[in-house]
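A.B. asks: After the sequence you'll find the predicted model.
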Amino acid sequence: MIDKKISVSEQVANLPVEAQLIFTWAIVHADDLGLLPRSERTLRAMVVPMLDISAKAFGNHLEAIVSQGLMEEFTYQKEKFYRVINFKDHQTLKKDRQPQTLLKIPLNSNPKITWENVEAIMEGKDFQLEDTDFHLDSEVKRSEVKRREDIYTLTSFEEFWKEYPNKKAKKKAEAIWKRLKPTEELFKAIMTGLSKAKQSAQWRKDGGQYIPHPTTWLNQERWTDEVSTEVPRAKAVKV
């Protein structure tokens, strides 16, 4: 739960209202260490999927949040993240269980030691692991896997939507996408099929008026279609 003192933070108050919303919503999406994906596209899809905001405006708001000292860039083993500064001031953390984090680290069978280790990482210190063959229990595993799948579903849909030329009924298309739950392999197949379809004779004909709605295209798995790129020539008119 976000601590109520965030509402009287001068750093937050200095932000535009839309940026305040982004920052406070980002907190609840952060992992137990206050980490978020570094990708602006991923963050926008994760934090404000229902907010009509351009990628440029979202990026500007992130810059404002960082400039106010509310978030910063964090790197671990060459992987970059956004980190909510003073995350513990905003969220109550339960250290009697294993931390759920975006960091790819082994865990200790004792949650307390794991927490000490990950906090050492956050402070740039070395740490020692015991019981290195310990793994998350199945329930926590499922929770973390689902979290990552949900993030990937959101970001991959935004990538699809950006490329699909007939932008109609976005929410319905997104619902179909969530039902499909594309893996990386399926997403690649969909985007390859879309790229071919955009070059097809049907889609290029008459200014694209025959491009199907994205809901139809996804429902019918049209990315598997064989397409022709040759536009039929108009028949010569006899005078």
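C.D. replies: That came through fine.

A.B. asks: what about residue 72, helix or strand, and which?
C.D. replies: strand 71-76 (DSSP states H and E).

A.B. asks: That strand pairs with which strands, parallel or anti?
C.D. replies: Strand 71-76 pairs in its sheet with strand 79-84 (antiparallel), by DSSP bridges.

A.B. asks: Now the partner strand: buried residues?
C.D. replies: Across strand 79-84, burial judged by 16 or more other CB atoms under 10 Å covers 81-84. No exception for glycine: its C-beta is placed from N, CA and C like everyone else's.

A.B. asks: again with stretch 11-26
C.D. replies: 12, 15, 18-24, 26.

A.B. asks: ok, for the residue most central in space within the chain, nearest residue in space, not its chain neighbours?
C.D. replies: The residue lying closest to the centre of the chain (CA atoms, centre = their mean) is residue 42, at 2.9 Å. Nearest residue to residue 42, sequence neighbours excluded (CB to CB, 6 or more residues apart in numbering): residue 155, at 4.6 Å.

A.B. asks: Would you agree the one you found falls within a helix?
C.D. replies: Yes. The assignment for residue 155 by DSSP: H, G, I helix; E, B strand; the rest coil puts it in a helix.

A.B. asks: what about it, how many residues close to it?
C.D. replies: 19 (other CB atoms under 10 Å).

A.B. asks: For it, report the pLDDT, please.
C.D. replies: pLDDT recorded at residue 155 is 81.

A.B. asks: same question, residue 94
C.D. replies: For residue 94, the pLDDT comes out at 79.

A.B. asks: and it, what element?
C.D. replies: Assigned by DSSP H and E, residue 94 belongs to no helix or strand.

A.B. asks: do residue 52 as well
C.D. replies: Counting by DSSP H and E, residue 52 is found in no helix or strand.

A.B. asks: about what we covered before: average model confidence for the strand holding residue 72?
C.D. replies: Averaged over strand 71-76, pLDDT sits at 91.

A.B. asks: ok, residue 74 - contacts?
C.D. replies: 35, 80-83, 122 (CB atoms under 8 Å, 6 or more residues apart in numbering).
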